[in-house]
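**Student:** take this sequence and fold it.
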Amino acid sequence: MTKDDILNVENELYGAILNSDITKLDELLHADLLFIAPSGQVITKELDLQTYRDGALNVTELIPHVENIKIIDNLGVIALTLTLKGNYKGDVFSANYRYIRFWKMFDDGLKVVGGSGTQLVV
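**Tutor:** This next block holds a predicted model:
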């Protein structure tokens, strides 16, 4: 696993989010994913996928700014800021967030196993 590998799967993830591509999200998220959302809620893979299935989340703009990537054995750790625009359950949002995401290598490729996001107040 290299930093370029992490950037490639991150770009796949961004495309899946923008297109609400549940098939691609299912492929990239590990079955035992745990993620802390900016609201503080603990999100599982199924909860995340359901948000897209229901149409509750629609991201219309996603601009990433990668800050750091570390490779630790078969785990990739990425820290980044994201400018996100869209709507969640009918409420329009536009905000900046800082995320940390953990990618782990498995036999069938890199998968997100965990992470956290927080809204940045400017």
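
**Student:** CA only for contacts and neighbour counts going forward, please
**Tutor:** Fine.

**Student:** host element of residue 38?
**Tutor:** When elements are assigned from DSSP states H and E, residue 38 belongs to no helix and no strand.

**Student:** where's it relative to residue 4, distance?
**Tutor:** Per Cα to Cα, to the nearest Å, residue 38 is found 27 Å from residue 4.

**Student:** and what of residue 117?
**Tutor:** Residue 117 is 22 Å from residue 4, by Cα to Cα.

**Student:** who's more crowded, these two?
**Tutor:** residue 117 (20 against 10; other Cα atoms under 10 Å).

**Student:** ok, which stretches of this structure are helices?
**Tutor:** 3-18, 22-28, 45-53 (DSSP state H).

**Student:** so for residue 93, which of these sits nearest?
**Tutor:** helix 3-18 (14.4 Å; Cα to Cα).

**Student:** wait, residue 3 sits on residue 72?
**Tutor:** No - under the criterion of Cα atoms under 8 Å, residue 3 makes no contact with residue 72, lying 10.9 Å away.
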